[in-house]
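Visitor: Fold the stuff below for me.
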Amino acid sequence: MKQLLAYYLFFLALPLGANVIASPLEVMSKNFEAGATVTENNVLLTQAQAANIEQNSKTKLESKIIKVFKAAKNNKILGFGVLVNKKIRSKNGVVLYIISPDSVLKSVEIVAFNEPAEYIPSKKWISQFNEIKSEKIDEASKNIPTITGATLSAKSIIDGSRVAFALYNEVLKGK
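Guide: Next up, the predicted model:
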């Protein structure tokens, strides 16, 4: 019942007609070792937390409610997933940023995309985000090239990575 409610809330967060590519729970499970338990939680940011995240990410938040996933095994946290829903051109894309407990961006996965399919960045382009440390995200995001014909998609993913790290540093780090 709890999982059904979680899926219901996830799909409510997506705009109607979203092109769902992957389930965030499945993506989290695939990115962590067998036997890891993945839980999800909605984080309601306080005004101060939201302001800090916006300042640190240099990006305006579209919502103060952010879905966060946690992978754990034997009471040890293996990592977090931060789901960021951002407007790209006129429609939204939803991206899951997987962050390790040692503040490293392990993976970026597009889970839903409403824009035309040709605007989805390639896996090769997205792989540039793998293994970026929290303190290096600003420098790295400036050096990641945009994509001809999908500049707004690229900008959205880059901005989302800064939001994910800012949220991780503000709310999740050390928990």
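
Visitor: alpha carbons only for contacts and neighbour counts from here, please
Guide: Fine.

Visitor: list the buried ones in stretch 36-49?
Guide: In terms of neighbour count (16 or more other Cα atoms under 10 Å), stretch 36-49 has its buried residues at A36, T37, V38, T39, E40, L45, Q49.

Visitor: I meant stretch 23-35, not that one.
Guide: Quick answer for stretch 23-35 (16+ other Cα under 10 Å): P24, L25, V27, M28, S29, N31, F32.

Visitor: Also stretch 56-63?
Guide: By neighbour count on 16+ other Cα under 10 Å, the buried set for stretch 56-63 is N56, S57, L61.

Visitor: mind listing which of the buried residues of stretch 36-49 are in helices?
Guide: Among those, DSSP state H puts Q49 in helices.

Visitor: Sitting in helices, which of the buried residues of stretch 23-35 do you find?
Guide: Per DSSP H, those map to helices at P24, L25, V27, M28, S29, N31.

Visitor: picking up where we left off before, could you dump the buried residues of stretch 36-49 into CSV with pLDDT and distance to I65 added?
Guide: Below are those laid out as CSV (pLDDT from 0 to 100; distance: Cα to Cα, whole Å):
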residue, pLDDT, distance to I65
A36, 90, 25
T37, 92, 23
V38, 93, 19
T39, 92, 16
E40, 92, 13
L45, 94, 6
Q49, 95, 11
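
Visitor: Take the buried residues of stretch 36-49 and keep only those in strands.
Guide: Among the buried residues of stretch 36-49, the members found in strands (DSSP state E) are T37, V38, T39, E40.

Visitor: which residues of this protein fall in strands?
Guide: Under DSSP E, the chain gives strands at 37-44, 65-73, 76-87, 92-99, 104-113, 132-133.

Visitor: can you pull the alpha-carbon coordinates of the first one into PDB?
Guide: If I follow you right, that is strand 37-44. Output of strand 37-44 as PDB, limited to C-alpha atoms (Å, rounded to 0.1, in the frame of the first residue of the first chain):
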ATOM      1  CA  THR A  37      16.900  -1.400   0.500                       C
ATOM      2  CA  VAL A  38      15.700   1.700  -1.300                       C
ATOM      3  CA  THR A  39      13.300   4.000   0.500                       C
ATOM      4  CA  GLU A  40      11.800   7.200  -0.700                       C
ATOM      5  CA  ASN A  41      10.700  10.300   1.100                       C
ATOM      6  CA  ASN A  42       9.300  13.700   0.200                       C
ATOM      7  CA  VAL A  43      11.400  16.500   1.700                       C
ATOM      8  CA  LEU A  44       9.500  19.700   2.500                       C
END
